[in-house]
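Trainee: need a structure here:
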Amino acid sequence: MAKYNLDKIRNIGIIAHIDAGKTTVTERVLFYTGKEHRMGEVHEGTATMDYMEEEQERGITITSAATSTQWRDMTINIIDTPGHVDFTAEVERSLRVLDGAVGVFCGVAGVEAQSETVWRQASKYQVPRLAFVNKMDRIGADYFRAIASMAERLPGCNPVPIILPIGAEKDYRGVLDIVKMQAIFYDDQSQGADYRIEAIPEELVPLAEEWRAKLEETLAETSDALTEKFINEDEITFEEIVSALRQATIDRKVTPVFCGSALKNKGVQRLLDGVTAFLPSPREVTPPTALDLRSKGAKEIVLEPDPDKPFVGLAFKTIADKHGDLTFMRIYQGTLTPSMQLHNARTNKPERVGHVYVMHAASRETVKEAKAGMIVAVVGLKNAATGDTLCEKGQLVSLEPPTFPETVISMRIEPKTNDDRGKIADVLERISKEDPTFRYTIDEETGEMLIYGMGELHLEVVTHRMLRDFGVNANIGKPRVAYRQRLKGVAKARQTFERQMGGKSHYAEVEVEVEPVPGQGFVYEDRSVGTIPKVFLPSVQSGCEGAMTAGIGHGFELIDTKVTVLGGAFRDEDSTELAFSVCATQAVEAAAEMSGVSILEPIMRLEVTTPPEHLSAIIGDLNKRRAQVASIETTEVPNVIHADVPLGEVFGYASVVRGLSQGRGAYSMEPKEYAPVPDEMVEKIAWF
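Mentor: Below you'll find the model as predicted:
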C-alpha cells in the first residue's frame, strides 16, 4: 500500500448508461496502472470488477466494486458502478461518498437514458466530473455529436473537450491533446501500454487550434486571472490552463471531455492523467457537515479530513460474507484501526471493528490503519447498515445518509416445506441488509411472502441468488406491479379492541385522525395527552405503521399519510401492548376507509431507439399501452422516442420492441413517479 498523502488521493466513481463501457474502462485502468497484468473482458466473463457469478454470466455489472491503484505518484480509489436502472442504488450510495466521477458515454449513442439519471445523482451530491466518450472505433461514432448531446441533455454539464479523436470508426488511431498541443498514437502490439507522442499532423493543426481557442475562451469566463490575458490576446501558458481547468472542474463549472476506445486500448492513459490533474483530493472538496447529537438543537459541525481528529466514517455498503459481513466505509475524519471501538449514531450502540481492508474487487488487503480520505472495508460490525454513521463516542455525530427510490415491482415467494419458511426469512433479511432497494413482507396471518424491488431484472437476480447461492427451496411467482394507495381526504375513527386470548383479557381503545401528506411518507403525531399510558405508546405507533404496510381494501401499501393519535382508553387489569397495537391498526384502517383511497401506479420514463422505418409501428404500440409520448428525435439514426408509460403496460417489453423493429430496436426505462390509476382501469388491476 502506498504511503499516505491526503493531497495525492483521488476517490472516483465510474458512472454511465448500461453497456457504455464502464467496466472495460476500469479494466484498462487496472492494466495500465500495473494493478493487473492481464486485461479482463466483460464479454468473456473475465472482468476483475465483475466478480459475482451473476455478473459474469449476464455480462453486466450488478453491484458496485471497489479497488485501489497507483498512477504516477497518485493513489486512485475507484468504484465501478452498474449502469442498469434496476441497480441504481449502487450508484446512489457510491456517489454519496466519492469526491469525483468519470461519466462514460457511447461515441455512437451519446447521452442515453441512464446517463441522465447518474448525472443527476452526481449533481445531487455535488460531485465534480470528467467525461470519457468511449467506443470511438464503432461504426457511427461521432465525438462532437456526443458532446452536443451532453450540452443539451445534462444540466450544468458545460462539456469542454481537451482531447480530440484522430480518425473515427475503423480509422480511429489516436488522440490530440489540445492542452499540451500534441498527438498520441497507441501501439496495438502492446495492448496500448506503449504509445508515441508526436507533433500534431499538419492536416489536423487547424482543428486543434480551433478547439484550443475555444478552451481558452471558456476558461477565461471562469477565471479572472485569464480573462484579462484572453482579452489582451496574451499567450496563456500550459500551467495556467491546467490550473484554471482544475479549479473550474472542482467548482463544477466545466466538465473536461476525453475520448478513446477502451476495448481497442486507446485513450485511457490520458483519462488517468485527467483524473489526477483535474479531479479533487479529499482536502479540496466542500467539507461535509454532520449533525451534532450531543447538542439539544440541530447544531451542525464541519468535519475535517484530519487523521488526528476524532474518527467519523459513513457506512455506505454491506456485503454478506462467510468470513463475516463486510461493511464498506468512507473515512471523513480521524484514523481507523483494527479492534477499535466505535459508536453507531443510528442505533446508539457500540460496535467493535475487526479487521480493516483495502479492497480490490473480491480480494482484500489487510491494513493496520486507515486514515481520513480513504475508502475501506471492515469486518466485525454487527448492526451497521447502509447510511449509518460510525464515530468515536466523544464525537457523537450523524452524517446525512444516501436516499433511495421507491420499489416499483413485487413478486410472491412460497416455501416448498415448512422447514424452508424460517430459512427463507433469514435469507430475505440478509439480502435486505445488503440492498436498500430490496425489501420484503411476511403476512403473519396468511404466511404470504412478498419481495419488492426496482424492476424485473433486480428481482430475477435476487431470486437466483436465493435459489443458487443460499440454497433456498421455494416456488417463485411472476413479477407484478407494486401499486400504492393514498388517502383522498381527512377522516377520524375510534376503535375498541376487547378479546379473550390465551386465557387473558386484552383491552384497548384508540382514536386517530388520518390525512394525506403528498411526498412526505409516513408522519406520526401523538396527541393522546395521558389518555393512553406511556408504556403502550410504542405499540400504538407500531400498529399505525403496520396499517400502512397492510393497506386498505385492495391490500396495496398506503403512502404519504399522517396519522395523529387523538386519544384512547385503557383498563389497569386488561390493557396490553398487543391490544393497543391491534386496536391502532384497526383505527387507522377504519379512518382510511372513511376517507377513501386512490390507487397509484408507477410511471416509467421510457426511451426507445429504433430505425426510422419502424418508428410509426412502435409509436402505435406505445399508444395502446397508455403511454404519453414526450418527444421524438428524428434528426439522427436511429430515431429516439421519449415517453412516460405505466409499468404495468410494459412487462416483457423487450421482446415487443425487437419484434416491431426486426431485432434492431432497444429500450431503457427508469422510475419517474407514482400517479393515480384511471377509474376505468381500477377494476382491471389483479391482486393475487
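Trainee: rest of the way, CA atoms for contacts and neighbours
Mentor: OK.
Trainee: and after the lowest-mean-pLDDT helix or strand in the chain, which helix or strand comes next?
Mentor: Lowest by mean pLDDT, DSSP states H and E among the helices and strands of the chain is helix 53-58, with a mean of 66. On the C-terminal side of helix 53-58, the closest following helix or strand by DSSP states H and E is strand 65-71.
Trainee: ok, and what's touching that following strand?
Mentor: 2, 30, 33-35, 49-50, 75-81, 272, 358-362 (CA atoms under 8 Å, 6 or more residues apart in numbering).
Trainee: So which of those belong to helices?
Mentor: Among the contacts of strand 65-71, DSSP state H puts 30, 272 in helices.
Trainee: In strands, which of the contacts of strand 65-71 fall?
Mentor: 75-80, 358-360 (DSSP state E).
Trainee: What pLDDT is listed against Ala361?
Mentor: Note on Ala361: pLDDT of 78.
Trainee: likewise Glu445?
Mentor: 61.
Trainee: what are the ranges of the strands in the stretch 351-500 of the chain?
Mentor: Taking DSSP state E, counting those that start in this stretch as the criterion, the stretch 351-500 of the chain carries its strands at 356-360, 363-366, 370-371, 375-379, 389-391, 397-398, 409-415, 439-442, 449-453, 474-476, 480-481, 484-487, 491-501.
Trainee: Could you dump those strands into JSON lines and include mean neighbour count and distance to Gln333?
Mentor: Shown next, in JSON lines, are these (neighbours: other CA atoms under 10 Å; distance: least, CA to CA, whole Å):
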{"stretch": "strand 356-360", "mean neighbour count": "22", "distance to Gln333": "16"}
{"stretch": "strand 363-366", "mean neighbour count": "14", "distance to Gln333": "20"}
{"stretch": "strand 370-371", "mean neighbour count": "22", "distance to Gln333": "7"}
{"stretch": "strand 375-379", "mean neighbour count": "25", "distance to Gln333": "12"}
{"stretch": "strand 389-391", "mean neighbour count": "27", "distance to Gln333": "9"}
{"stretch": "strand 397-398", "mean neighbour count": "26", "distance to Gln333": "12"}
{"stretch": "strand 409-415", "mean neighbour count": "20", "distance to Gln333": "39"}
{"stretch": "strand 439-442", "mean neighbour count": "16", "distance to Gln333": "32"}
{"stretch": "strand 449-453", "mean neighbour count": "22", "distance to Gln333": "34"}
{"stretch": "strand 474-476", "mean neighbour count": "15", "distance to Gln333": "45"}
{"stretch": "strand 480-481", "mean neighbour count": "22", "distance to Gln333": "43"}
{"stretch": "strand 484-487", "mean neighbour count": "26", "distance to Gln333": "41"}
{"stretch": "strand 491-501", "mean neighbour count": "17", "distance to Gln333": "49"}
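Trainee: Mind checking those for the one nearest to His17?
Mentor: Nearest to His17 among these is strand 449-453 (19.6 Å), distances taken as CA to CA.
Trainee: between that closest one and strand 409-415, how many degrees?
Mentor: Using axes from the mean of the first three to the mean of the last three CA atoms, to 10 degrees, one finds that strand 449-453 and strand 409-415 are set 150 degrees apart in direction.
Trainee: What pairs with strand 449-453, parallel or antiparallel?
Mentor: Strand pairing for strand 449-453, determined by DSSP bridges: strand 409-415 (antiparallel), strand 439-442 (antiparallel).
Trainee: Grab the nearest non-local neighbour of Arg626.
Mentor: Using CA to CA, 6 or more residues apart in numbering and skipping the chain neighbours, the partner closest in space to Arg626 is Val645 (6.3 Å).
Trainee: correction: Pro479
Mentor: Met411 (4.8 Å).
Trainee: OK, contacts around that neighbour?
Mentor: Per CA under 8 Å, 6+ apart, neighbours of Met411: 450-452, 459, 476-480.
Trainee: Over to Met594?
Mentor: Applying CA under 8 Å, 6+ apart to Met594 gives the contacts 491-492.
Trainee: what about it, helix or strand, and which?
Mentor: Using DSSP H and E, Met594 falls within helix 577-595.
Trainee: so that helix versus strand 491-501, what angle?
Mentor: Counting by the same axes, to 10 degrees, helix 577-595 points 150 degrees away from the direction of strand 491-501.
Trainee: Okay, angle between whichever helix or strand comes after helix 577-595 and strand 409-415 too, please.
Mentor: Note on helix 577-595: by DSSP H and E, the next helix or strand toward the C-terminus is strand 597-610. Angle, strand 597-610 to strand 409-415, by the same axes, to 10 degrees: 110 degrees.
Trainee: Other residues contacting whatever helix or strand comes next after strand 597-610?
Mentor: As assigned by DSSP H and E, the chain's next helix or strand after strand 597-610 is helix 615-624. Under the contact criterion CA under 8 Å, 6+ apart, helix 615-624 has outside partners 639, 645, 657, 660-661.
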